[in-house]
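# no sequence on this one, just coordinates:
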């Protein structure tokens, strides 16, 4: 039997998390959303910033990326 080029379709379904933020972090998040909204001309909901911020943080954390590569190499 031939092997398909696609193996598994990644799960794109969003996962809902409930987190508690320190008040100072929430104020900063709201302020960031206001600044971003001012630059783009569109209102930005602060909660919508969390996922892209986390993704950006993880994609630029060299230690995390190195450990992730090492873990994949051992599989």
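Structure received. Since this is a predicted model, take the numbers as computed values, not measurements.
# centroid residue for this protein?
residue 55 (2.8 Å; C-alpha atoms, centre = their mean).
# Which of the helices or strands spans that residue?
Using DSSP states H and E, residue 55 sits in helix 47-60.
# average pLDDT across the next helix or strand after that helix?
Sequence-wise, the next helix or strand downstream of helix 47-60 (DSSP H and E) is helix 62-73. The average of the pLDDT scores along helix 62-73 is 91.
# Can you name the residues in contact with helix 62-73?
With contact meaning C-beta atoms under 8 Å, 6 or more residues apart in numbering, helix 62-73 is reached by 58-59. Just so you know, the C-beta spots here come from the backbone N, C-alpha and C atoms, and that holds for glycine as well.
# Return the distance of that helix from the chain's centre.
Distance, stretch centre to chain centre, for helix 62-73: 17 Å (C-alpha atoms, centre = their mean, to the nearest Å).
# Which parts of it count as buried, going by neighbours?
If you call a residue buried by 16 or more other C-beta atoms under 10 Å, then helix 62-73 has no buried ones at all.
# when you give positions from now on, start the count at 368
Right, with 368 as the first residue, what we last looked at is helix 429-440.
# That helix vs helix 414-427, what angle?
Helix 429-440 and helix 414-427 are oriented at 70 degrees to each other (axes from the mean of the first three to the mean of the last three C-alpha atoms, to 10 degrees).
# How far does stretch 423-433 sit from its chain's centre?
Offset of stretch 423-433 from its chain centre (C-alpha atoms, centre = their mean): 11 Å.
# quick one: terminal-to-terminal distance for it?
End-to-end distance for stretch 423-433: 16 Å, by C-alpha to C-alpha, to the nearest Å.
# Which residue comes closest to residue 396 once chain neighbours are left out?
Leaving out its chain neighbours, the residue that sits closest to residue 396 by C-beta to C-beta, 6 or more residues apart in numbering is residue 413, at 4.6 Å.
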